[in-house]
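**Student:** Need coordinates for the following:
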Amino acid sequence: IIQRSVGGERASTMESLVVLLLLGLLPCAWPADLHNMNGLYAISNPNKATSAEFSTDYGKKNAEYFDVYSPPIRTRYGEVFWTMMDPVSLPDDIVKRFANKTMAVIGYETDQVMKTEQGDVSVPITWAYNHHYVSYVTGSRSKLVRADREEYMRNAFSYLYTHTDFWVPADIALEDDPPEIALIPKSQLFSEGNGGEFRKSFHGYPTGYAQLIYAPDTFHISPMQIDTHNRDHPGPAYVPGPQPKASQAPPDAKYSGILECPCTDRIKKDIRTVYSALTKGACPTAVQNASECFAAARSIGTPSNATTQSVSDKSLPAGCSVVRSPEDVVSKILFNTESDGTSCGGGSLYSGQASVLRKVTMRLDLNAHADEAQITLSGPDGVWFGVGFDASAMSDLPYAIIINGSGQVMERKLADHDPGKQIATSVTILSNTVVKGVRTIVLNRTMKGVTADHYTFSPAVESSLPFISAVGSGPAFAYHKFKGAATLSLTALDGATCVCNAGIQGSINGIPFHKDCWDEPKGDLVRQKNPTCWVDTYVGGLRCCHHGWILLDQDQNPWENQTDEYHMKFRFWFQEYNPEEPKHENLVRIFWETEVWSTEYDIPIKQPDVMPEDALHEIQSHWKVGDMLHDCDPGSAFDCTGPRTNKTGINLIYAGGHCHAPSCYTMELWNADNGQLLCRHDPIYGNGTEIFNEDGYLALPPCLWGSKEEGLTEPIFLSFDTNLMSIKRNNNTYGHYGEMALWQMRAVLV
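**Tutor:** Alright, predicted model coming up:
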């Protein structure tokens, strides 16, 4: 059975071609005269000044295609499916054909289908809601590896993680690789228009542009699916099934409130206050009473034998403080009721210790008067381990100390997702011992870094030092096996260290809650006090929506034994890339979140006095083009955009937004320097019951730039310093959880 698609209507035709395919006499890549899987598409910015009309029909682009299916997805009502699925091999003929060649993917189509004897049957979006998907094609020179998601939380990719896992492609370098493939990507990410809009949003590129991949052989996908299928109402009109009390959907909604991931009564929150040390000035938020003070001081590493005392003394800082002796013989935790006390700090000796994942421990002993830093590092013997200073992720480009499996020490300046460079040695080894499989090295160096690449310790300014740590799987410095982050609190040994209230932290169902909402001018969420940013106000979204969780209340369990089974289906349209006479430019991925970097946000319900026609909620973001770029080699990682040497900016080729039904209203991308509207999305909402036109569900036509002959506007040049602005509007007649406002774009550096 060959599934043809013309103008959105499907027909199944038995042809002699099928016989040849079954006999293995024809490849699995279908000829180019077959039309799109999902019919024709729309774009948001056709060039109205030319008579040419851009065609979204891949069958007219001299391209071939192959289909690939995910492993089966099985869910019951209210269940979340969100995990990296088992890898799927590409068709054998494709793998053989491109074993030593580069494929140019000019676009792709997506659907969710049930396999039947009559062929593929599309699953309504009202049955299985695609919240988003992340898919990769890897090649013979790459593989998918599990990484720690915290590394990417500050890099615009937090929505890619699955539960607590995060998967990224890694290159496999071979000695016989020809030099001409060095800059060709060995893997590609396909994740544009990747939500409820995924089936009828165009995922293609103008002529001359493609996602290049060398020797492709494997497909990977992590879909986030939510089962909203009301088994008692097969249709054609959709009727939502049971909803949890936390759902904000109205009773007559055309959509299911569980697609917004409400935090049901199955969710357990653990909320606690955290504290930090301060050795200069006064606490921004003070500890309120003595009992809180005594517990808070111990939480930042104050010696367990410290005494506690309430005082009223103008010679001490107001509120909570710790006074330690250099030998830790006499340590006092003091709560000072005198409001007119001295400033924090005043000493020159500082000490602190912290561990990461119980695998690497760092102790710092600093002497500001002598300009001396003693660094004690402990980690597993036989494999490399290291720490990066003043960093929460590799993207912070930290100074790092690495110890290999035999105890040799080197200093490095790390790069973004890259080992960076080795720098001059500034440390002296005081001792190097191994006891019961744990290596401990004591190092000495000056507090001031010997170069700009070496970290400078400033305990009188920064008494809380974030750091990252990693452990390898072998003795030589390479890709890490374990990775994490922590904060080391420095306390003064000859002065008073204030203990401050550093805010609320917590977990949801045992998973630590982390949000990185940026304040103005980058984003609006902090100013608007959006509930998504803090664990104590979080009421719905991704953090309540992990794999296997049920988005119903504990007393709700309808259709317990009825599961749906289906597959995600991808159709990749491709051409061969000719390195001798290249006709395709590789498109690098650039990305931004209007909700920087929360990845989601809540839409608050309108005020009672606001008329329905005025019920709009708006957020904005402001950033530079250069903020989206990662200078690593685009042949090595999906988010690398390449070095900017001899480049001045980008040509924007594709801009696709991502937002959710049912409240998405408009998305706009502006050049804030000259007031030019670069791209505007007006979602196309369905108004029927048929597949791809489900009432209330949307498609998002992307913006494309190419040649006038194709019916497009010429590519837009944006310098690296160009200021951009995103404006996202949502209907807020009702409240909504977990909305998104992402820009998923493709460009070339010029």
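**Student:** how about low-confidence regions in the protein?
**Tutor:** Applying pLDDT under 70 to the chain picks out residues 1-34, 147-166, 173-176, 326-330, 635-637.
**Student:** what's the next secondary structure element after the longest helix along it?
**Tutor:** In the chain, taking DSSP state H as the definition, the longest helix is helix 290-299. Toward the C-terminus, helix 290-299 is succeeded by strand 307-311 as the next helix or strand (DSSP states H and E).
**Student:** Report the inter-axis angle for the longest helix of the chain versus strand 307-311.
**Tutor:** Going by axes from the mean of the first three to the mean of the last three CA atoms, to 10 degrees, helix 290-299 is angled at 140 degrees with respect to strand 307-311.
**Student:** what's near enough to touch the closest residue to residue 231 other than its chain neighbours?
**Tutor:** Distances taken as CB to CB, 6 or more residues apart in numbering place residue 559 nearest to residue 231, at 4.6 Å, with adjacent residues excluded. (Glycine included, C-beta is placed from N, CA and C.) Residues in contact with residue 559 (CB atoms under 8 Å, 6 or more residues apart in numbering) are 76-77, 231.
**Student:** separation between residue 559 and residue 75?
**Tutor:** 11 Å (CB to CB, to the nearest Å).
**Student:** try residue 333
**Tutor:** Residue 333 is 52 Å from residue 75, by CB to CB.
**Student:** So between those two, which is more surrounded?
**Tutor:** Between residue 333 and residue 75, counted using other CB atoms under 10 Å, residue 333 has the larger neighbour count: 24 against 21.
**Student:** does that one sit in a helix or strand, and which one?
**Tutor:** strand 331-336.
**Student:** picking that back up, a markdown table for the contacts of residue 559, including neighbour count and secondary structure?
**Tutor:** Shown next, in a markdown table, are the contacts of residue 559 (neighbours: other CB atoms under 10 Å; DSSP: H, G, I helix; E, B strand; the rest coil):
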| residue | neighbour count | secondary structure |
| --- | --- | --- |
| 76 | 17 | coil |
| 77 | 26 | coil |
| 231 | 13 | coil |
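**Student:** and of the residues you listed, the nearest to residue 423?
**Tutor:** Distance to residue 423 across the contacts of residue 559 (CB to CB) is lowest for residue 76, with 55.1 Å.
**Student:** Tell me which residues touch the closest one, please.
**Tutor:** Neighbours of residue 76 in contact, by CB under 8 Å, 6+ apart: 227, 559-564.
**Student:** Which one (most neighbours) among those residues?
**Tutor:** For the contacts of residue 76, neighbours tallied by other CB under 10 Å; top is residue 227, 25 neighbours.
**Student:** Is the residue nearest to that one when sequence neighbours are not counted bridged to anything, and to what?
**Tutor:** Residue nearest to residue 227 in three dimensions, not counting chain neighbours: residue 75, with 4.0 Å by CB to CB, 6+ apart. Legend: beta-bridge partners of residue 75 under DSSP bridges are residue 564.
**Student:** buried sites along stretch 178-197?
**Tutor:** For stretch 178-197, a neighbour-count test (16 or more other CB atoms under 10 Å) marks 181, 184-197 as buried.
**Student:** likewise stretch 540-559?
**Tutor:** Neighbour-count burial for stretch 540-559 flags 540-547, 549-553, 556, 559 (criterion: 16+ other CB under 10 Å).
**Student:** Determine which two of these are furthest apart.
**Tutor:** Farthest pair in the buried residues of stretch 540-559, by CB to CB: 543 and 559, 26.1 Å.
**Student:** Name the residues that touch the stretch of helix or strand residue 485 belongs to?
**Tutor:** Using DSSP H and E, residue 485 sits in strand 480-489. With CB under 8 Å, 6+ apart as the test, strand 480-489 has contacts from 147-148, 150-151, 276-277, 300-301, 352-357, 359, 362, 364, 383, 391-393, 463-473.
**Student:** Just the buried ones from the residues you listed?
**Tutor:** 147-148, 150-151, 276-277, 300-301, 352, 354-356, 359, 362, 364, 383, 391-393, 463-472.
**Student:** Sort out for me which of those are in strands.
**Tutor:** Under the assignment DSSP state E, the buried ones among the contacts of strand 480-489 contribute 147-148, 276-277, 352, 354-356, 362, 364, 464-472 to strands.
**Student:** quick one: strands adjacent to the strand holding residue 333?
**Tutor:** Going by DSSP bridges, the partners of strand 331-336 are strand 307-311 (parallel), strand 319-324 (antiparallel).
**Student:** Relative to residue 111, which of these is closest?
**Tutor:** strand 319-324 (59.0 Å).
**Student:** Dump the closest one to CSV, keeping only the CA atoms.
**Tutor:** Presented in CSV, the C-alpha positions along strand 319-324 are these (Å, rounded to 0.1, in the frame of the first residue of the first chain):
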residue,chain,number,x,y,z
GLY,A,319,21.2,39.4,62.6
CYS,A,320,22.8,36.0,62.0
SER,A,321,26.6,35.6,61.8
VAL,A,322,29.4,33.1,62.4
VAL,A,323,32.7,33.9,64.1
ARG,A,324,35.4,31.2,63.6
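**Student:** Could I get the buried residue list for that strand?
**Tutor:** Across strand 319-324, burial judged by 16+ other CB under 10 Å covers 319-324.
**Student:** same thing with stretch 498-505?
**Tutor:** 498-502, 505.
**Student:** cool, and stretch 611-628?
**Tutor:** Neighbour-count burial for stretch 611-628 [16+ other CB under 10 Å]: 615-617, 619-626, 628.
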